[in-house]
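> starting from these lines, generate the structure:
(chains A and B, ligands or ions: 2)
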Amino acid sequence: MDQLSGGEALLRALHDEGVEFLFGYPGGAVLHIYDAIFNQDKIEHILVRHEQAATHAADGYARGTGKPGVVLVTSGPGATNAITGIATAYMDSIPMVVISGQVESRMIGTDGFQETDMIGVSRPIVKHSFMVQNPAEIPLIVKKAFHIATTGRPGPVVIDIPKDVTDPKTKFGYEYPADIKMRSYAVPAKGHSGQIKKAIDLLMAAKRPVIYAGGGVIQGEGSQLLTELARKLGFPITNTLMGLGAYPASDEQFLGMLGMHGTYEANMSMHYSDVLLAIGVRFDDRVTNSDVTKFCPDATILHVDIDPASISKTVAADVPIVGSVTSVLEEMLSQIALAKQKVDEKSLKVWWDQIKHWREKDSLAVTPSTDGTIKPQEVVQAVFEITKGDAYVSSDVGQHQMFAAQYYGFDKPRRWINSGGLGTMGFGFPAAMGIQLAFPDAISVCITGEGSFQMNLQEFATCMQYKLPVKIVCLNNRALGMVKQWQDMQYGGRHSHSTYEESLPDFVKLAEAYGHVGIRIEDKSELDAKLKEAFSLTDKLVFIDVWVDPEEHVYPMAIKGGAMKDMILSKSERT
Amino acid sequence: MRRIISVLMENEPGALSRVIGLFSQRNYNIDSLTVAPTEDKSLSRLTLTTSGDERRIEQITKHLNKLVDVVKLVDLTEGAHIERELMLIKVKASGTQRAEVKRTTDIFRGQIVDLTNSVFSIQMTGASDKLDAFITALGENVVLEVARTGVSGISRGEKVLAL
Ligand SMILES: Cc1ncc(C[n+]2csc(CCOP(=O)(O)OP(=O)(O)O)c2C)c(N)n1
Ligand SMILES: [Mg+2]
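Residues are numbered from 1 along each chain as shown, chains lettered A, B, ... in the order given. Ligands and ions are numbered 1, 2, ... in the order given. Model prediction:
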């Protein structure tokens, strides 16, 4: 048995967990740990330029790979800077382990220098947290932390480590536990067969069925089974913002995204459905609209989720099924194969005819400008063409995010990397770094807005240090566009603090100042050529500053307080 | 509806704050709360009273169950159960008042556990509504101080909340 210090044991335990990257930033309380990092070469530490970026980068890595992202920050301000990223991961159920330094044990509670009660501050936004009391606990706590972060409904776990615990002078016999059992933490087993049978009976009898699938399908690695199920049934299927890629966007059965900025056909189909198979979703208010009493009035709701607390939280489920998506989908498929009753093809045909009629509305049609002004939607379409729909696309929050979600058709899971639940501006760029590290040969694009980008632009430096050739496509509308859109629609066009045209930086020069390439595109005639040029620089970070039409709004848009069928379709048309 | 929920949880630092935090975070109310280690030192038993409709109570128990420190829980109000609360109450007792207070205490099966010339300290156990009734029976301007433990409870019969 090796005799290790707490700091060494931490690194060894992370390696034993299979961790490749540690996203971090040093400081007093973690110096022993940083010394242990210096003395090993198994785990690559990525030095970010702000702790928030460390969490988002780890988060992006986790969303792209399915493996937990790992973060190391110092006590006090380091820990509090990580909070936004932890909350972001928590809202979207992303597996993450955040290690924070803490003041020495004997100093805790004395308002010592850089002391923050990290366990307390992070409590409402973590799946669980640990405070390490003595070095010998490190292997077991690390094991538990990864187990909790990655199983069941995943989420972030914090390990707070007082400085004395990692002291190089205190050594103990290191052994990493092979297995872990916790009497107070059980991972939900397979879905209940009887409930699944009920669901299958209802699906077979359905006349107007819709499959409504979300991020849980991606997190639970259920995309392939879901696709198989949807194809077998021939039912229309829609994905949430978090679920994009769970079902291939290019498929005929796909209705597009649903919800606040969902397609006309997706939202209409939802509203008029008679049986709703909800899977890996949480009936978020951006889907149901604020008044759930108007939500899908005729639908019998079948709800599959790994988290029992997600079921009947906002919308009551008629058939709740608690279990991992893969186990439930597998059993659904095998029950369907054996079922005597078959899908009601005749009704389904009528239903599809109705849906095709809704589809003809073409709610995402873009009217190109005649004066060279670039429409933001066209930029996303062009990026899709150039990257052949096969890039990893991260985004921030705002109009650009919705345009990215609507116009980049994701055919694969884990390609759309986005803060859906918390809606964190500043997420996209660091997340794209995490993706690029995980997939060095892939195209990692961040479709962002000039507002969001400025919330973590310091990461230009990190990308230079680690040679990360991220492509940043900035839909520059010279405004906090989504805020401005709401002000246009609900506040008589009074743009209170949502514009800043005079104070925008020169992004091209900014990128160049950090040693990167900057390209500006102002006229539509140059869009394709310049984008191609940017993406041809495969070993360089390129910031592509695309000046887009600042007057553009995101449509369709749900009418506040309405049902899912109530939408604004353009500046002049409503349902 | 009023509910009594008993929770067995790991006797670890931070566990209690997670339970309480859950209630404030999700806007559930706690009317009373009591917690202490059990015969197994590694476990604490926490009993709380709360109220809400069926859906809300279901959410509360689901979210409690989700907490990693929570091992098991039971909604005692779902079945036959025994509930008790302990109250220590200090009341004015001088002159003719003394006999009156003594009589009321006897009727409610309380015990006077300390006294001075002008004050009785009374101990009483029972269901919460009995304790409320005692306070009402004492009348106005008599009560000087009340210390109640909050509700503790256990199922009737052979049902147990244990590992
Ligand atoms: C950290 C944070 N602060 C504030 C908001 C509120 N917010 C949502 S969208 C938005 C505007 C974003 O502007 P930009 O990034 O330029 O995107 P655009 O809408 O213009 O495409 C704001 C301020 C947020 N989501 N996140
Ligand atoms: Mg903008």
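
> nearest to ligand 2: which residue in chain A?
Chain A approaches ligand 2 most closely through A:G449 (3.6 Å), counting by C-beta to the ion. C-beta: built from backbone N, CA, C; applies to glycine.

> quick check: that residue vs chain B, distance?
Separation of A:G449 from chain B (C-beta to the nearest C-beta, to the nearest Å) stands at 31 Å.

> and the strands in chain B?
Taking DSSP state E, the strands of chain B run over residues B:2-10, B:32-37, B:43-51, B:70-75, B:81-92, B:111-115, B:119-126, B:143-148, B:152-155.

> using JSON lines, lay out those together with mean pLDDT and distance to ligand 1.
Converted to JSON lines, those look like this (pLDDT from 0 to 100; distance: least, C-beta to the nearest ligand atom, whole Å):
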{"stretch": "strand B:2-10", "mean pLDDT": "97", "distance to ligand 1": "35"}
{"stretch": "strand B:32-37", "mean pLDDT": "96", "distance to ligand 1": "36"}
{"stretch": "strand B:43-51", "mean pLDDT": "97", "distance to ligand 1": "34"}
{"stretch": "strand B:70-75", "mean pLDDT": "97", "distance to ligand 1": "33"}
{"stretch": "strand B:81-92", "mean pLDDT": "98", "distance to ligand 1": "47"}
{"stretch": "strand B:111-115", "mean pLDDT": "98", "distance to ligand 1": "58"}
{"stretch": "strand B:119-126", "mean pLDDT": "98", "distance to ligand 1": "53"}
{"stretch": "strand B:143-148", "mean pLDDT": "98", "distance to ligand 1": "45"}
{"stretch": "strand B:152-155", "mean pLDDT": "97", "distance to ligand 1": "45"}
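
> which stretch among the ones you listed comes nearest chain A?
strand B:70-75 (4.3 Å; C-beta to the nearest C-beta).

> related to what we said a few turns ago, could you dump the strands of chain B into CSV with mean neighbour count and distance to A:E17 added?
Formatted as CSV, those follow (neighbours: other C-beta atoms under 10 Å in any protein chain shown; distance: least, C-beta to C-beta, whole Å):
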stretch, mean neighbour count, distance to A:E17
strand B:2-10, 20, 23
strand B:32-37, 15, 33
strand B:43-51, 21, 29
strand B:70-75, 20, 25
strand B:81-92, 17, 44
strand B:111-115, 12, 57
strand B:119-126, 18, 51
strand B:143-148, 13, 48
strand B:152-155, 18, 42
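
> would TSV of the ones you listed with distance to ligand 2 be doable?
TSV is the format used below for the strands of chain B (distance: least, C-beta to the ion, whole Å):
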stretch	distance to ligand 2
strand B:2-10	47
strand B:32-37	48
strand B:43-51	45
strand B:70-75	44
strand B:81-92	58
strand B:111-115	71
strand B:119-126	65
strand B:143-148	57
strand B:152-155	57
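
> ligand 2 contacts on chain A?
A:449, A:451, A:477, A:481 (C-beta under 5 Å from the ion).

> is the helix or strand that contains the second one up against ligand 1 anywhere?
Counting by DSSP states H and E, the element that carries A:G451 is helix A:450-453. Yes - shown here: helix A:450-453 in contact with ligand 1 (C-beta under 6 Å from any ligand atom) through A:450-452.

> can you verify A:V383 is assigned to a helix?
Yes - assessed by DSSP: H, G, I helix; E, B strand; the rest coil, A:V383 belongs to a helix.

> residues touching the nearest residue to it once chain neighbours are set aside, list them.
Counting by C-beta to C-beta, 6 or more residues apart in numbering or on different chains, A:V383 lies nearest to A:V473, which is 5.8 Å off, once chain neighbours are set aside. If you count contacts by C-beta atoms under 8 Å, 6 or more residues apart in numbering or on different chains, A:V473 has them with A:379, A:383, A:445-448, A:531, A:544, A:546.
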